[in-house]
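In: This is a predicted model, with the sequence first.
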Amino acid sequence: MTAMMMRRYMPHALMVLAQLFFTLLYLYFIAEAAFNSGLNSFVYVTYRHLLAACILCPFAYFKEKTLRPKMTPMLFLEIFVLSLVGGSLTLNMYFSSLKYTSPTFVTSMLNTVASITFVVAVVLRLEIVDVRTLRGLAKIAGTAVSLAGVTTISLYRGAAVKRPWRAPAVHVHGIGGAGHVEPHESWVKGSLLALASCICWSICFILQAGFVHKEVPGQAVSDGAWTSLVGGLQSAAFAAFVQRDARDWLVGFGLNFWAIVYAAIACNGLTVVIQLWCNREKGPVFVAMFNPLLTVMVALLAYFVFGENLYVGSVIGGLLVILGLYMLLWGKDKDQEQHVSSSSEEGKEQEHPHGHDELDLHYSVSLREAAVGRGRP
């Protein structure tokens, strides 16, 4: 029973852990601090991809050596596209948007990924929604409630929540005191870049669903290694085209270096593998629906650790996000129970497909034998 429960809720725990990887060690704040101190975002994306590939390749070689399919032009094309929309292009647009907005705003924009992925998955029939059942309505309502929470966080502030202490617990070089971020110009440009990156991420989740099921089932580490390597080369080519100063590639061993190392290990490495595995187990909508937790975690981290203000709108929106996530997960769990029940019934029917015919035949033979017995002298 315990093993069954662990198997059932392992994807949930892993996706929460993946969101923690983005927030627990202050990734977004460290990333912006590194950018403010001179780290080029294109160089950052390139290095984190290539370093992640170096880390994942040995594990992929020894763990999945016998499972790896033969590389074909079509398979490489799929890896190339997946690396582009799930790595190099998406992350370059995403971190470029930080120059014009703020970490809190960008993480709020990430929540649109869940809604976009849900709609696209339903259209492509990767996600089945039966509006005649309670579980189908729960998935629709959960997505809507979660989106309402995101909208509340983004558009409504309300009064500031009082803090029991005055000074922030942690100061990060490159970010102003009390978590203050200097106002950026071209906010609209940053918003468009963030939205474009979210659309690419949704496409990535949809492509992953087909890729891990058909092309590389059970090979999440190999897929993560390939996408990191190809994504790093794509980003390097783009960075070399737009960044002509060789000094941009020298990051030193300070904050810039550790921001790259952490992102490579926790985000490009562990998180990508977790997402691929959960996508195979639960589908793209399940993976995307955990993105709203990032906004809640970043807001709490900014409030308790960096001393940023926490507003009533963020609290209300965060509660709606969690409620919507719970409703959708409940609906998907009921879907899984229904699927398991249907599979069990089909299995029983396949075990005895002609059970009634065999009984009728046995009964007919018995009658004939009895008749013959009565006719003997």
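Out: That came through, no problem.
In: Give me the secondary structure label for the one residue sitting closest to the centre of the chain.
Out: The centroid of the chain falls nearest to residue 287 when counting by C-alpha atoms, centre = their mean (4.3 Å). Three-state assignment for residue 287 (DSSP: H, G, I helix; E, B strand; the rest coil): helix.
In: Could you measure from it over to residue 208?
Out: Residue 287 sits 8 Å away from residue 208, taking C-beta to C-beta, to the nearest Å as the criterion. Every C-beta, even on glycine, is put in place using the N, C-alpha and C of the backbone.
In: so what's in contact with the two at the same time?
Out: When contacts are counted by C-beta atoms under 8 Å, 6 or more residues apart in numbering, residue 287 and residue 208 are jointly contacted by 275, 279.
In: who touches stretch 261-270?
Out: With C-beta under 8 Å, 6+ apart as the test, stretch 261-270 has contacts from 18, 21-22, 25, 27, 30-31, 44, 47-49, 51-52, 55-56, 87, 224, 228.
In: and residue 48, what does it touch?
Out: Counting by C-beta under 8 Å, 6+ apart, residue 48 makes contact with 232, 260, 263-264, 267-268.
In: Need the max-distance pair from these.
Out: Greatest spatial distance among the contacts of residue 48 (C-beta to C-beta): 232 and 267, at 13.3 Å.
In: For these two, list the residues in contact with both.
Out: Listed as contacting both residue 232 and residue 267 by C-beta under 8 Å, 6+ apart are 48, 52.
In: Tell me which of these two has more neighbours.
Out: Between residue 232 and residue 267, counting by other C-beta atoms under 10 Å, residue 232 is the more crowded of the two (25 against 17).
In: Correct me if wrong: that one contacts residue 54.
Out: No - assessed by C-beta atoms under 8 Å, residue 232 is found out of contact with residue 54, at 9.4 Å.
In: Backbone dihedrals for residue 291, please?
Out: Main-chain dihedrals, residue 291, degrees, to the nearest 10: phi -60, psi -40.
In: Who are the contact partners of it?
Out: 19, 110-111, 113-114.
In: Minimum pLDDT in those, which residue is that?
Out: Minimum pLDDT across the contacts of residue 291 is recorded for residue 111, with 71.
In: Neighbours of the residue nearest to that one when sequence neighbours are not counted, how many?
Out: Nearest non-adjacent residue to residue 111, counting by C-beta to C-beta, 6 or more residues apart in numbering: residue 150, 3.8 Å away. For residue 150, the count of nearby residues is 25 (other C-beta under 10 Å).
In: which stretches of this protein have low pLDDT?
Out: Filtered on pLDDT under 70, the chain yields the residue ranges 1, 23-29, 64-68, 102-104, 154, 164-185, 210-220, 339-377.
In: For the residue nearest to residue 111, give me its contacts.
Out: 108, 111-112, 292, 295, 317, 321.
In: how about these, which pair is most distant?
Out: Spatial extent of those (C-beta to C-beta) is set by the pair 112 and 317 at 13.7 Å.
In: So for whichever helix or strand residue 192 is part of, what gets flagged as buried?
Out: In this structure, residue 192 sits in helix 187-210 according to DSSP states H and E. For helix 187-210, a neighbour-count test (16 or more other C-beta atoms under 10 Å) marks 190-191, 193-194, 196-209 as buried.
In: Quick one: list the elements packing against it.
Out: Judged by 3 or more C-beta pairs under 8 Å, 6 or more residues apart in numbering; DSSP states H and E, helix 187-210 is in contact with helix 73-83, helix 89-97, helix 103-109, helix 112-123, helix 272-282, helix 284-288.
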